[in-house]
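Q: curious how this folds, go ahead:
(one chain, ligands or ions: 1)
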Amino acid sequence: MNFHTLADKSIAGGTLTRDECRAVLRSPNERILEVLDAAYKVRYHFCGNRVHLHMLINAKSGLCPEDCHYCSQSKISTADIERYPMVSMDRLLEGARQAKAARSLRYCIAISTRGAVDREIDYLANAVRRIKEEVDIAICCTVGIISEEKARRLYEAGVEQLNHNLNTSERYYPEICTTHTYQDRVNTLLSARRVGLTLCTGAIFGQGETEDDIIDVALALRDLDPQSIPVNFLIAMEGTPLAGMNYLKPQDCLRILCLMRFLNPGQEIRVSAGREAHIRSLQPLALYPANSVFVSGYLTSDGQDYQETWQMIADLGFEIDEYTAAETHECERSDAETVAG
Ligand code: SF4
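A: As a prediction, this is how the structure comes out:
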C-alpha cells in the first residue's frame, strides 16, 4: 500500500475503501512514519500547522442513570470520582476564563445525564449568555440526549456546537450501553444540526471493538460530516465494567488517528481522553494527523496541563489557533486557501 496515494485520494474528496482502511490499521511499526507523513499531508493541506486547544468543565458529575460501560459517572460505576450536582454560575464563568487563559479555542461544558431536563437547559443557557458577555470564547455543550427544542434554546443562548459521541460502531453499541441506543445518539446530533448547531462527535477506542467496528464508526463519522471529531482512547477506571481493558499500543492510537484524518480530511480531529496513558512518549506525533487537543484533563481524570501542551506544540513548530469571534476557525475555510496542495 502506498499511503501517499491514500492522502491524495483523501485530499481529492474520495473515501477510502474498507481494504484501504484496513491497510492503515494494519500498517507495520516500521512503516508508521510513512502513514503519519501521508496523514500529515492531508492535515497540512486543510488545516496548516494550526492546533486548536479545548478545555472541559465537568459541570455536573456522577449519578447518571445510564450504564455506559466506559464511563466512571454511570449508575453502575463504583469508581472513586467526585460526584456533585450542577456547579454554580460563578464556577462556570471561572472555567471559561481559565479556558481562555489557556488559549483554548473552545470551552466545553459537560454534564452527566441521560438528557438535560428543562431547568438544566435554562440554567446552562443563562450561563452561556453571561460567558458570552464576559469572555471571548467558543462554547460547546454536552448534555446527553436532547430534543430539537432544547437544542434550539442552547443555540439561541450562544452555544455554537453540541457534542454527543457515537462512541463505537452501531453493531458494538449494545455491548457498551444498554440504556439507550446508537440511534438515540444519532437523533440528537441531527436535531442539533437542524437548529444551526455545529456537531462535535467522535468515538472511544480500546473498548474491545473489532477492526471492523473501528472502520464502521470511522465511516459513520464521515457520513455525519461533523465539524469536530474527538478521538478518545479508553481510560479504563477501576469500578467500571471495562476496568483492566488496556491493550492499545501507542502506534495503534496513531494508526486510528491517521485513519480518521484520511476519512475526514478537513475536519477538526482532536486527540482526546487517554492520549497521555496510551500514546505516552509519542504524543507529539499525534499532532501530525490531529489538529486539536484537550488540555488540563478530562471529565473525571487528570491530563497534561496546558503549559506542557503549549511547549509540545512550540517544539513541533506548530501554532495555537486562538479564538476570535470574527474568524471561522474551520480548517477548510481558514487554511486551504493559503496552503498549497
Ligand atoms: S450518559 Fe454520559 S454521563 Fe451518563 S453514563 Fe453515559 S457517558 Fe456517562
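Q: can you give me the neighbour number for whichever residue of the stretch 151-300 of the chain sits closest to the ligand?
A: Here the stretch 151-300 of the chain gets closest to the ligand at one residue, Cys177, 6.6 Å apart by C-beta to the nearest ligand atom. Backbone N, C-alpha and C define where each C-beta goes, glycine included. Per other C-beta atoms under 10 Å, the neighbour tally for Cys177 reads 21.
Q: check the one 4 residues further on too.
A: By the measure other C-beta under 10 Å, the count of residues near Thr181 is 14.
Q: return the residues in contact with it.
A: 173-174 (C-beta atoms under 8 Å, 6 or more residues apart in numbering).
Q: and for Glu322?
A: 103, 105.
Q: the ligand versus that one, what's the distance?
A: In this structure, Glu322 and the ligand are 29 Å apart, going by C-beta to the nearest ligand atom, to the nearest Å.
Q: helices and strands around the helix or strand in which Asp19 is found, which ones?
A: Assessed by DSSP states H and E, Asp19 sits inside helix 18-25. Packing contacts for helix 18-25, counted by 3 or more C-beta pairs under 8 Å, 6 or more residues apart in numbering; DSSP states H and E, involve helix 3-11, helix 211-224, helix 250-263.
Q: Ile215 contacts Cys21, correct?
A: Yes - applying C-beta atoms under 8 Å, one finds Ile215 in contact with Cys21, separated by 4.5 Å.
Q: okay, now Ile57: neighbour count?
A: Ile57 has 19 neighbours, counted by other C-beta under 10 Å.
Q: what does the one 4 residues further on give?
A: Ser61 has 20 neighbours, counted by other C-beta under 10 Å.
Q: for it, grab phi and psi.
A: Taking degrees, to the nearest 10, you get phi -120, psi 130 for the backbone angles of Ser61.
Q: for Cys140, list each beta-bridge partner.
A: Taking DSSP bridges as the rule, Cys140 bridges to Cys108, Gln161.
Q: check contacts around it.
A: If you count contacts by C-beta under 8 Å, 6+ apart, then Cys140 has 54, 106-109, 159-163, 200, 228 around it.
Q: can we see that at 10 Å?
A: Residues in contact with Cys140 (C-beta atoms under 10 Å, 6 or more residues apart in numbering) are 54, 56, 105-110, 154, 159-163, 197-200, 227-228.
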